[in-house]
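Engineer: okay, here's the prediction I keep looking at, along with the sequence it came from:
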Amino acid sequence: MAKERITESELVLPSLYLMNRRGGSVSTSDLIVALEDMMKPEGQDIAIIANRHDSYFSQKVRNLKSHDTFQKKGYAVYRDGRFYITEEGRKFVEDNMSNIEYLLGSDFGYSDVRQAFGRIAKSKKHLPVPYRETVEEGAVRTGETVSRKRSKKLRDAAARHFSENGIIRCACCGFEFGEFYGPEYSKSCIEMHHIRPIFSYSGESESATIEQALKNLLPVCPNCHRTIHRNHISGDRLQAFIDTVRSMHHKAQCSGASWNGAAH
Ligand SMILES: [Zn+2]
Ligand SMILES: [Zn+2]
């Protein structure tokens, strides 16, 4: 069972990232606002502590100062109300930049993101580059060659893993591009939803990592993908919802060609 509230070590890397981005220094109050804006805390972390006018999240950020969290690791120092990032802190951010961009840029859930930040902060070695993947060639956004090579392997593996008779259906609604648009526009625009953040684990073989990565992907059509993220729900939940809607339509004997044949 994952801890429900954010920990100090989960705040280390995103805080250093913000310091670095702001020219190396930030005040505690600015750091609280910026972290909330960036990480979008939810649940118990945004509950207000009784008689304090303060959330658990902002209290944790303040603890970074009172517990000397950055000083102990040599990542930043605190002077006159501000944190100042050190060379060591800067290096830590730069070494993990692709991890940070991956975690902040992929619409993962809040608890997944903070726990992944905690894992990076706790690991002695820097975690290798993340797997960020879609089946579509053009959608690989990382600029790193090594990551591109890995991504190509995962992309090929995903195409094999998810296709049946050469086609990949949306795991939520069953949509298939060729079926609807016909042979002329049949090139699939299926997207890969990342269920959880996943990194390439050092110490594991590439095939083991790819196997892990595949378990974290869900092929979805662009509509379902948007809906998942817009509503902060899982693919499973959307799929169950679609099934319910379909059976209601079915009971009402609503024909509608677009509803038929797609459910699997
Ligand atoms: Zn769909
Ligand atoms: Zn997604």
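Structural biologist: That came through fine. Ligands and ions are numbered 1, 2, ... in the order given.
Engineer: tell me the spacing between Ile100 and ligand 1.
Structural biologist: From Ile100 across to ligand 1, the span is 30 Å (CB to the ion, to the nearest Å). All C-beta spots, glycine's among them, are computed from the backbone N, C-alpha and C.
Engineer: so for that residue, what's the nearest residue that isn't a sequence neighbour?
Structural biologist: Once flanking residues are discounted, Ile100 sits nearest to Tyr17: 5.4 Å by CB to CB, 6 or more residues apart in numbering.
Engineer: doesn't that neighbour belong to a helix?
Structural biologist: Yes. Assessed by DSSP: H, G, I helix; E, B strand; the rest coil, Tyr17 belongs to a helix.
Engineer: okay, now it: neighbour count?
Structural biologist: Neighbourhood size, Tyr17 [other CB atoms under 10 Å]: 25.
Engineer: am I right that it is in contact with Glu94?
Structural biologist: No. With contacts counted by CB atoms under 8 Å, Tyr17 stays clear of Glu94, the gap being 9.8 Å.
Engineer: least trustworthy helix or strand in this protein by mean pLDDT?
Structural biologist: Across the helices and strands of the chain, mean confidence by mean pLDDT, DSSP states H and E is lowest for helix 145-162: a mean of 72.
Engineer: quick check: phi and psi at Asp54.
Structural biologist: In terms of degrees, to the nearest 10, the main-chain angles of Asp54 are phi -150, psi 140.
Engineer: can you give me the strands in the stretch 51-200 of the chain?
Structural biologist: 54-55, 76-79, 82-85, 191-194 (DSSP state E, counting those that start in this stretch).
Engineer: would you turn these into a markdown table with distance to Ser9?
Structural biologist: Listed next are the strands of the stretch 51-200 of the chain as a markdown table, based on distance: least, CB to CB, whole Å:
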| stretch | distance to Ser9 |
| --- | --- |
| strand 54-55 | 19 |
| strand 76-79 | 14 |
| strand 82-85 | 16 |
| strand 191-194 | 23 |
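Engineer: quick one: residues in contact with stretch 8-26.
Structural biologist: For stretch 8-26, the external contacting residues (CB atoms under 8 Å, 6 or more residues apart in numbering) are 30-31, 34-35, 38-39, 60-61, 63-64, 67, 69-70, 73, 75-76, 82-85, 89-90, 92-94, 96, 100, 104, 114-115, 117-118, 120-122.
Engineer: give me the most central residue, this structure.
Structural biologist: With distances taken as CA atoms, centre = their mean, Phe108 lies nearest the centre of the chain, 3.0 Å away.
Engineer: spell out which parts of the stretch 151-264 of the chain neighbour ligand 1.
Structural biologist: Residues of the stretch 151-264 of the chain lying near ligand 1 by CB under 5 Å from the ion: 170, 172-173, 175, 221, 224.
Engineer: how far is stretch 52-65 from where the chain is centred?
Structural biologist: Relative to the centre of its chain, stretch 52-65 is centred 24 Å away, using CA atoms, centre = their mean, to the nearest Å.
Engineer: restrict that stretch to CA atoms and write it as PDB.
Structural biologist: The C-alpha coordinates for stretch 52-65 follow below in PDB (Å, rounded to 0.1, in the frame of the first residue of the first chain):
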ATOM      1  CA  ARG A  52      -2.700  26.200  10.700                       C
ATOM      2  CA  HIS A  53      -4.100  27.600   7.500                       C
ATOM      3  CA  ASP A  54      -1.600  25.400   5.800                       C
ATOM      4  CA  SER A  55      -1.800  22.200   3.700                       C
ATOM      5  CA  TYR A  56       0.200  19.100   4.400                       C
ATOM      6  CA  PHE A  57       1.900  19.600   1.100                       C
ATOM      7  CA  SER A  58       3.200  23.100   1.900                       C
ATOM      8  CA  GLN A  59       4.200  21.900   5.400                       C
ATOM      9  CA  LYS A  60       6.400  19.200   3.800                       C
ATOM     10  CA  VAL A  61       8.000  21.900   1.600                       C
ATOM     11  CA  ARG A  62       8.800  23.900   4.700                       C
ATOM     12  CA  ASN A  63      10.300  20.900   6.300                       C
ATOM     13  CA  LEU A  64      12.900  20.800   3.600                       C
ATOM     14  CA  LYS A  65      14.300  23.900   5.300                       C
END
